[in-house]
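Peer 1: Make a model of this:
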Amino acid sequence: MDVYRCLQTIDTYILFSGDGDFAPLYNLLIRLKKQVIIIFAHGHLGKEIYQIKQGIFTKAVDKLNMDLFRKNTPPVSRGA
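Peer 2: Numbering: from 1, shown residues only. Predicted coordinates for the structure are as follows:
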């Protein structure tokens, strides 16, 4: 995987899979002190991922704030 080639140069990994088969990769990244963010489909986070107690941030894709993905949207003033 390309992840292994980038271990020396990338500190944060955003991975779009909650598949438990990736747990060994997530654990490796955590051991190497990398920031691990996992985005997954609601209800599809493997039990192996739940067993990782520290070092990852998980977020269901349907819970993402869609404002993050809007292009060229100026900030909204809330007033003073």
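
Peer 1: Dump the lowest-mean-pLDDT helix or strand in the chain to CSV, keeping only the CA atoms.
Peer 2: Scoring the helices and strands of the chain by mean pLDDT, DSSP states H and E places helix 2-5 at the bottom, with a mean of 83. Below are the C-alpha coordinates for helix 2-5, written out as CSV (Å, rounded to 0.1, in the frame of the first residue of the first chain):
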residue,chain,number,x,y,z
ASP,A,2,1.1,3.6,-0.6
VAL,A,3,0.7,4.3,3.1
TYR,A,4,3.9,2.4,3.8
ARG,A,5,5.9,4.4,1.3
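
Peer 1: That one: what's the following helix or strand?
Peer 2: strand 12-15 (DSSP states H and E).

Peer 1: outside of the next helix or strand after that next one, which residues touch it?
Peer 2: For strand 12-15, the succeeding helix or strand toward the C-terminus, using DSSP H and E, is helix 23-31. Helix 23-31 has contacts (C-beta atoms under 8 Å, 6 or more residues apart in numbering) with 1, 3, 13, 15, 36, 38, 46, 48-49, 51-52, 54-56. C-betas here are computed from N, CA, C, even on glycine.

Peer 1: Number of residues surrounding Ser17?
Peer 2: Look at Ser17: counted by other C-beta atoms under 10 Å, it has 17 neighbours.

Peer 1: Can you flag the buried ones in the contacts of helix 23-31?
Peer 2: Buried residues within those, counting neighbours by 16 or more other C-beta atoms under 10 Å: Tyr13, Leu15, Val36, Ile38, Gly46, Glu48, Ile49, Ile56.

Peer 1: Reformat these as JSON lines; add secondary structure.
Peer 2: Formatted as JSON lines, those follow (DSSP: H, G, I helix; E, B strand; the rest coil):
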{"residue": "Tyr13", "secondary structure": "strand"}
{"residue": "Leu15", "secondary structure": "strand"}
{"residue": "Val36", "secondary structure": "strand"}
{"residue": "Ile38", "secondary structure": "strand"}
{"residue": "Gly46", "secondary structure": "coil"}
{"residue": "Glu48", "secondary structure": "helix"}
{"residue": "Ile49", "secondary structure": "helix"}
{"residue": "Ile56", "secondary structure": "strand"}
